[in-house]
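> Any chance you could fold what I've pasted below:
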Amino acid sequence: MSRNLEQEIKDFYDASSSLWETIWGEHMHHGYYGNHGTDKVPRRQAQIDLIEELLRWGNLDQKTSPPQAILDVGCGIGGSSLYLAQKFNATVHGVTLSPEQAKRGQERAAEANLAERVHLQVGNALDLPFEDNSFDLVWSLESGEHFPDKAKFLQEAYRVLQPGGMLLMATWCHRPTDSLAGELTRDEKHHLQEIYRVYCLPYVISLPEYRAIAQQTGFQNIKTNDWSQAVAPFWEIVIDSAFTPDAIIGLINSGWKTIEGALSLGLMSRGYRRGLIRFGVLQGSK
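Alright, predicted model coming up:
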């Protein structure tokens, strides 16, 4: 990861995470609104539903031997980390580029009496600070879009997984380009470039491209799915809640980059409506 991009991501989350937690809570990811995106669910419950749906999709809700050593890549302030530690009575390690997120996540773990089992630290997903064969679940919930080398991340996830361990990831994608729609148009590329600029992303790829990389990496039992319809309502709900008095004051205190992100929320909702932005999920075992 280039130094400039790494610094940009760090600065973005250092500045915005406190506001996000204050206004929207500890989960910094989409919500799940049923298969067709029509369920009327409060935002925070929808975010928890996304975690549970991903676990069901990975058949982890039915296993008699739940994961006990989990790595949360792109852990934020520990929303998923604490949830998984409590659900599975597991030990969870998490990495984020943001020192502020790691610090706040550890505070939250201590507040939940989970400090002995939840360990969040500053770390790079492309150079994970863990030994080979360390985890039985690698969890990555909306962090892959920040990685400048998607193949390197999947190689690192594979390396730190124990034999038989599972990768579960959800990430922003663009539409497939191997269908009748063909290659991305000039206007679509311009739309994506605006999203990349605002949200500190190097680029995104399509879900079929993720599947191909996972196969090349050596993952077995690979499954993918497109949950765009189920999560797309999230952005309209966030837009509605971003302009309350508390949110506006918080935005002003968080700096221009965070303000720009809030003003650009419509980029994502329009991206879903035109079929350009896709929410991809992927699982594979080692």
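
> tell me which residues of the helix ranked longest in the chain are tucked away?
Taking DSSP state H as the criterion, the chain has its longest helix at helix 3-24. The neighbour-count criterion (16 or more other CB atoms under 10 Å) identifies 5-6, 8-21, 23-24 as the buried residues of helix 3-24. C-beta here means a position set from N, CA and C on the backbone, and glycine is covered the same way.

> Tell me how many other residues surround the closest residue to Leu137 other than its chain neighbours.
In this structure, Leu137 finds its nearest non-sequential neighbour in Pro67, 3.8 Å apart by CB to CB, 6 or more residues apart in numbering. By other CB atoms under 10 Å, the residues close to Pro67 number 25.

> before we move on, what about Glu116?
Glu116 has 10 nearby residues by other CB under 10 Å.

> got it, and the one 4 residues further on?
One way to gauge burial is a neighbour count; for Leu120, by other CB under 10 Å, it gives 26.

> can you tell me the helix or strand for it?
In this assignment (DSSP states H and E), Leu120 forms part of strand 118-122.

> and the helix or strand following that strand, what's its mean pLDDT?
The first helix or strand that comes after strand 118-122 along the chain, using DSSP H and E, is strand 135-141. Per-region confidence: strand 135-141 scores 98 on mean pLDDT.

> Report all helices and strands that the helix or strand that strand 135-141 is followed by contacts.
The element immediately downstream of strand 135-141 (helix or strand, assigned by DSSP H and E) is helix 150-160. Judged by 3 or more CB pairs under 8 Å, 6 or more residues apart in numbering; DSSP states H and E, helix 150-160 is in contact with strand 69-73, strand 135-141, strand 161-174, helix 207-217.

> Apply 6 Å and report the result again.
Using 3 or more CB pairs under 6 Å, 6 or more residues apart in numbering; DSSP states H and E, the elements in contact with helix 150-160 are helix 207-217.

> right, and the helix or strand after the helix it packs on?
Assigned by DSSP H and E, the successor of helix 207-217 is strand 220-226.

> residues of the helix or strand following that next one that come out buried?
Per DSSP H and E, the first helix or strand lying C-terminal to strand 220-226 is helix 228-231. For helix 228-231, a neighbour-count test (16+ other CB under 10 Å) marks Ser228, Gln229, Ala230, Val231 as buried.

> Tell me the confidence at the third one?
Predicted confidence (pLDDT) for Ala230: 97.

> Run the chain-centre distance for stretch 228-241.
15 Å (CA atoms, centre = their mean, to the nearest Å).

> start the count at 43, not 1, going forward
Renumbered: residue one is now 43, and that last one reads stretch 270-283.
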